[in-house]
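**Q** Whatever this is, show me its structure:
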Amino acid sequence: MSGTSAMRQQVLSLWMAGSALDENVIAWAFHDGTNGTGPALPDPPQAGGPPYSTGLRALQDGWMLIQSAQLIPPAPGQERENSYLEYEFIFERRVDISEEVNALDLGE
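**A** Model prediction:
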């Protein structure tokens, strides 16, 4: 199976303080389809914080934006109600893990 491409996806969800990519990240989630063999996230600027301070920083690090926040105005009278985090941006990067797969196939 040598030379076979083994593409895997890493997905990064960032919730921003507002609707623009240069707003501050207030929450985040990371899903790694490489099972830890792909590139890691950068160390956060502050302990326990998000890996990127803004969505723009994620773009500059090579992440591809695949979904941006849908802007839906609140219903009249609901402007000050708490709800879900509405400014969600989904990023992905695809990682070729062929070398790891080939090493497993060859018993290395």
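
**Q** which residues touch stretch 53-71?
**A** Residues from elsewhere that reach stretch 53-71 (C-beta atoms under 8 Å, 6 or more residues apart in numbering): 12, 14, 16, 19, 21-25, 42, 45, 51-52, 86-93. Quick note: C-beta positions are derived from backbone N, CA and C, even for glycine.

**Q** swap that for stretch 91-101, sorry
**A** 1, 3-14, 33-34, 37-39, 55, 58-59, 62-66.

**Q** hmm, back to that, among the contacts of stretch 53-71, which are located in helices?
**A** Applying DSSP state H to the contacts of stretch 53-71, no entry is found in helices.

**Q** which residues touch Thr34?
**A** So, once contact is read as C-beta under 8 Å, 6+ apart, Thr34 ends up touching Arg8, Gln10, Val95, Ile97.

**Q** can you list the weak-confidence ranges in this structure?
**A** 1-4, 100-108 (pLDDT under 70).

**Q** Just grab the bridge partners of the residue positioned nearest the centre of the chain for me.
**A** By C-alpha atoms, centre = their mean, the chain has its centre lying nearest to Leu12, at 1.2 Å. Assessed by DSSP bridges, Leu12 has beta-bridge partners Phe30, Phe91.

**Q** Next up, the contacts around it.
**A** So Leu12 contacts Trp28, Ala29, Phe30, His31, Leu41, Pro51, Ala58, Trp63, Ile90, Phe91, Glu92, Arg93 (C-beta under 8 Å, 6+ apart).

**Q** contacting residues for the fifth one?
**A** Taking C-beta under 8 Å, 6+ apart, we find Leu41 in contact with Leu12, Phe30, Pro51.

**Q** Looking at those, which is nearest Glu81?
**A** The nearest member of those to Glu81, counting by C-beta to C-beta, is Leu12 at 28.2 Å.

**Q** name the element the residue sitting furthest away from the middle of the chain belongs to?
**A** For the chain, the residue at maximal distance from the C-alpha centroid (C-alpha atoms, centre = their mean) is Gly77, at 33.4 Å. Counting by DSSP states H and E, no helix or strand carries Gly77.
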